[in-house]
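Asker: any chance you can model this:
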Amino acid sequence: MRSRYSAFCTGHVDYLIATHHPSKQNRNEREQLHNNNKSSHRINLLVIKNIKVQKQDIKARVEFVAAYQLIPSHLVTATSEQTAQSPDAISQLHENSRFVREQ
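Answerer: Okay, here's the model as predicted:
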């Protein structure tokens with residue numbers, strides 16, 4: 001989880017795609033990740049819970065909260081969805097994610 005968060009912070013889209021399970025990817029993922037990275041600034045990551053589902057650490061669930069702030073629209077071309085929020089507002093993504101170690 002922390003490596004993916006770091007990749008979001010530094011704009012490593014290839015890593016984000018490589019570490020996102022193929023069954024959850026969409027065909028516009030590269031463009032969406034790139035646009036998301038240009039239009040927001042990551043503030044912090046709080047890992048709330050890490051639950052190992054299998055003894056061999058092959059599967060896990062991670063509950064986390066990631067805080068971010070939108071970059072003002074005059075500095076980046078924003079979509080209508082992004083402009084719905086005030087650029088000064090700090091938002092949070094609270095998620096329970098499943099992780100699977102493959103290869």
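Asker: quick one: Gly17 and Asn50, what's the gap?
Answerer: If you look again at residue 17, you'll see it is Ile, not Gly. According to CB to CB, to the nearest Å, Ile17 stands 23 Å off from Asn50. Backbone N, C-alpha and C define where each C-beta goes, glycine included.
Asker: wait, I meant Phe64
Answerer: Taking CB to CB as the measure, Phe64 and Asn50 are separated by 9 Å.
Asker: the two: who's more crowded?
Answerer: Each of Phe64 and Asn50 has its neighbours counted (other CB atoms under 10 Å); Phe64 has more, 19 against 12.
Asker: and the gap between the more buried one and Met1?
Answerer: 6 Å.
Asker: again, but for Arg42
Answerer: Going from Arg42 to Met1 by CB to CB gives 13 Å.
Asker: cool, and Asn37?
Answerer: 17 Å.
Asker: looking at these two, which is more packed in?
Answerer: When neighbours are counted by other CB under 10 Å, Asn37 and Met1 differ, and Asn37 comes out ahead with 20 against 17.
Asker: hang on, that one in a helix?
Answerer: Yes - the assignment for Asn37 is a helix, going by DSSP: H, G, I helix; E, B strand; the rest coil.
Asker: distance of Val100 from Ala67?
Answerer: With distances taken as CB to CB, Val100 is found 26 Å from Ala67.
Asker: so between the two, which is more surrounded?
Answerer: Set side by side, Val100 and Ala67 show more neighbours around Ala67, with 15 against 10, by other CB under 10 Å.
Asker: need the three-state assignment for the more buried one.
Answerer: When classified by three-state DSSP, Ala67 comes out as strand.
Asker: what's opposite it in the beta bridge?
Answerer: Beta-bridge partners of Ala67, counted by DSSP bridges, are Asn44, Gln92.
Asker: and it, what is it in contact with?
Answerer: Arg42, Ile43, Asn44, Leu45, Leu46, Ile90, Ser91, Gln92 (CB atoms under 8 Å, 6 or more residues apart in numbering).
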